[in-house]
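S.K.: predicted coordinates and the sequence they were generated for:
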Amino acid sequence: MGSALVVVGAGVIGCSVAAAASDLFDKVVLLDARRDTGMAASWAAIGGITPQSDDFCRGPLRQFAEASRQMYPQWLAELEAGSGISVPFLDSGLLQVALDPVEQRRVQEQLVPQWVEQGFRVEQLDPGGMARAEPLLSPVLSAVRLPSEGALEPRVLMSALRTVVRRDPRIEVRAGARVRALVPRGQGVEVRLEDGGLVRGDRCVVAAGAWSPDLVPTRPGGQFPVRGQAAELVVPGSRDYPLRHHVYCKVAVDGTTVSSYAVPRHDGRVVVGVTYDQGRWDEEPEDGATERLLAALRLVFPASRDWRLTGSWAGIRPGTADGYPLVGQSDAEGRVVMATGHFGVGVTLAPITAALVRSVLAGTELTSAQAEALRVMDPRRFL
């Protein structure tokens, strides 16, 4: 009887792990509770590849995320070759702008020195440079360009990943398969489904996002859901990227600080987000949250008053108490490996997480950087 791997969760992390590790096993079973793969947090993401600017890529995780960003060109090329689907990638960088003195001081006195110390490139833009870099941008107090950061459309990425795993003869994809429990048996794991079904594997990777604690329980407060909402608009007359960069800014709307993050699409759309609602599981978008996101966008891009809103949505991120993902073995025997807790940087970390999990499953010798990443992200710190 051949070896088998079971991957629970078929978002960007689960699909990436299945694709990366399929050559190590005779069979891989990819399970997703939703009606199709990647319909949870990965489908709701807005697509920034942000190892430098994201507040959650801090400490050792920032360099891990930067290494993942460097993997993206080759990774996307491999996905296109395997799926026939091109994933447009905006590699012009991110603009971090400030509209008020408080935010300007935060960026210039706190963030920029940290980025420079960590070896990242930071380009300061003067008023003329701002206008040339992003013509639709409102007058701002300061703007810095982070040239290494990129952006893509997660739904196109998921379409490519879905096609790759479905074309792999070693991978069996089961949508609508809700997992009830993981039970170690002998040298392997039994994955018990809610419909009474049973899937056996020599190894199991848990990549179920915010739902992972239901399968591998962690201490109270170790993991929690963080709801995020976003909206999409169409820029009239645009058939290409309507913005030259993805743009981030913290702005005040009705006395509340809103994280305004605008990510352009290659066909004239712009997605704006995003909210952070800790402890919430509901995925229905709220009109009030959409209005705050649009109000913030209008402060950054006044022309967006004329952009047509096409829809809004919400998704559930997997948060952790210390802000680091859970990646690595959860038991001494290595039968269960976790790949979850990526919060809002799952797309950013997908290629390197898949490569790291593959190394764990294969038992290959780790580099010092891989060993350090596994130390920081060790799931057993919360078990």
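M.R.: Ah, there it is.
S.K.: how close does residue 44 get to residue 257?
M.R.: Separation of residue 44 from residue 257 (C-beta to C-beta, to the nearest Å) stands at 22 Å. No exception for glycine: its C-beta is placed from N, CA and C like everyone else's.
S.K.: compare the two and say which is more crowded by neighbours.
M.R.: Shown here are residue 44 and residue 257; by other C-beta atoms under 10 Å, residue 44 has more neighbours (23 against 12).
S.K.: wait, that one touches residue 231, no?
M.R.: No - Residue 44 is not in contact with residue 231 according to C-beta atoms under 8 Å; the separation is 11.5 Å.
S.K.: which residues are common contacts for these two?
M.R.: residue 313 (C-beta atoms under 8 Å, 6 or more residues apart in numbering).
S.K.: ok, now how distant is residue 227 from residue 278?
M.R.: Relative to residue 278, and taking C-beta to C-beta, residue 227 is found at 8 Å.
S.K.: who's more crowded, those two?
M.R.: Legend: neighbour count by other C-beta under 10 Å for residue 227 and residue 278, higher for residue 227 (22 against 10).
S.K.: pLDDT value on that one, please?
M.R.: Per-residue confidence (pLDDT) for residue 227: 96.
S.K.: also the one 10 residues further on?
M.R.: Looking at residue 237, its pLDDT stands at 94.
S.K.: ok, residues contacting the host helix or strand of residue 293?
M.R.: Taking DSSP states H and E as the criterion, residue 293 maps to helix 287-300. For helix 287-300, contacts defined as C-beta under 8 Å, 6+ apart pick out 97, 99, 137-138, 140, 229-231, 233, 247, 249, 251, 253-254, 256, 258, 260, 262, 272-275, 304-305, 309, 312, 314.
S.K.: buried set for it?
M.R.: With burial defined by 16 or more other C-beta atoms under 10 Å, the residues of helix 287-300 counted as buried are 289, 290, 292, 293, 294, 296, 297, 298, 299, 300.
S.K.: again, but for stretch 81-90
M.R.: Result for stretch 81-90 [16+ other C-beta under 10 Å]: buried residues 82, 83, 85, 87, 89, 90.
S.K.: kindly report the same for stretch 42-58.
M.R.: Going by neighbour count (16+ other C-beta under 10 Å), the buried part of stretch 42-58 is 42-54, 56-57.
S.K.: filter those down to the ones in strands?
M.R.: Of the buried residues of stretch 42-58, the ones assigned to strands by DSSP state E are 48, 49.
S.K.: the buried residues of stretch 42-58: which two are farthest apart?
M.R.: The span of those, defined through C-beta to C-beta, is set by 43 and 52 at 25.1 Å.
S.K.: thank you kindly, that will do.
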